[in-house]
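Q: everything below, folded, please.
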Amino acid sequence: MVRAMVQQAVQGSSAAYAKEMERLSAKESLLLAFKDAGGFEALVTGKTTDMQCIDVNESIVSLERLNPTPRPTTSPYLDGRWNFEWFGSGSPGLFAARFVFERFPPALASLSKLGVVIKDGYVNAEANVKFFNSIESKVILSTKLSVEGPLRMKEEYIEGILKSPKINEETIPAQLRGTFGQAASTLQQLPDPIRDAVETGFKVPLGGTFYRLFMISYLDDEILITRDTTGVPEVLTRLDPAPSPVIEPVVSCLPKDLVADRKVALLENL
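A: Sure thing, here's the model as predicted:
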């Protein structure tokens, strides 16, 4: 009986090790697929080929089936700073990013970063836009998350914030410096409440009018994969150190009477 138990333990540990190696290999394959597809800029500018998209989606599916987190909606790994690596064809994030790239030439405007900060059930989605390679602005969309199940969550939109642009005067084109100087002078002449509002940014309250449902199909300390109601995937990678994993208490499989007898015996031997 003891030999059988040892054999089962060895086989179980070997199977767990093999599965973990398979998961790490799948993660590496997904990151390589992103790189081969040209990265974030190639994705939002529509330069990824159909074959590259298929390779990425195949890698996403391969990693999802090895999800190590059974309840990702309540996992401590969910909180943190995340950077978007991949959008599906119908993703709102991809639509917004492509809008910037398609409406403005690269010399006029560019989207340098798109990410989210998740903390205590709230999300701040941040998009960094640069104009003329001199003016940096940030658009923030604040939302609230609620748990709908082990995998499913509801996201309600709270407000949108357009942060006031930051200007690097040294890099402003010569033909535009006069215009920017006049604008800065006009801003300083505004009443304090208005000037403070302009400097802190403009807020658009949304009041929970809009919401969306999505599921978390994969989560670990480095990668987050979500899918919306149409099945479109979004893949994010962590930017900050992951929180320490929660160690679940060990539950004994022995009968309660036997556990009690062993506790008494231990106390008697003290």
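Q: part of a strand, is K19?
A: No - with DSSP: H, G, I helix; E, B strand; the rest coil as the criterion, K19 is helix rather than part of a strand.
Q: ok, it touching L66?
A: Yes - K19 is in contact with L66 according to Cβ atoms under 8 Å; the separation is 6.9 Å. C-beta here means a position set from N, CA and C on the backbone, and glycine is covered the same way.
Q: of these two, who's got more company?
A: L66 (16 against 12; other Cβ atoms under 10 Å).
Q: what sits against the closest residue to the more buried one other than its chain neighbours?
A: Counting by Cβ to Cβ, 6 or more residues apart in numbering, L66 lies nearest to R23, which is 4.2 Å off, once chain neighbours are set aside. Counting by Cβ atoms under 8 Å, 6 or more residues apart in numbering, R23 touches L63, L66, P68.
Q: compute the number of surrounding residues for the closest residue to L224 other than its chain neighbours.
A: Residue nearest to L224 in three dimensions, not counting chain neighbours: L236, with 4.5 Å by Cβ to Cβ, 6+ apart. L236 has 23 neighbours, counted by other Cβ under 10 Å.
Q: what's across from L236 in the sheet?
A: F84, L224 (DSSP bridges).
Q: tell me the contacts of it?
A: W82, N83, F84, E85, G115, V116, I223, L224, I225, T226.
Q: check the gap between it and E155 for me.
A: Distance, L236 to E155, by Cβ to Cβ, to the nearest Å: 14 Å.
Q: what of G38?
A: G38 is 29 Å from E155, by Cβ to Cβ.
Q: swap in A26?
A: Distance from A26 to E155, by Cβ to Cβ: 27 Å.
Q: which other helices and strands contact the helix or strand in which I140 is found?
A: Using DSSP states H and E, I140 maps to strand 135-147. Counting contacts by 3 or more Cβ pairs under 8 Å, 6 or more residues apart in numbering; DSSP states H and E, strand 135-147 packs against strand 122-131, strand 152-162, strand 166-167.
Q: CSV please, covering those strands and showing mean pLDDT and distance to C53.
A: Formatted as CSV, the helices and strands packed on strand 135-147 follow (pLDDT from 0 to 100; distance: least, Cβ to Cβ, whole Å):
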stretch, mean pLDDT, distance to C53
strand 122-131, 79, 23
strand 152-162, 87, 25
strand 166-167, 59, 35
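Q: between the ones you listed, which one is nearest to I140?
A: strand 152-162 (4.3 Å; Cβ to Cβ).
Q: so which bits of the closest one are buried?
A: Buried residues in strand 152-162, counting neighbours by 16 or more other Cβ atoms under 10 Å, are found at M153, E155, E156, Y157, I158, G160, I161.
Q: brilliant, that's me finished.
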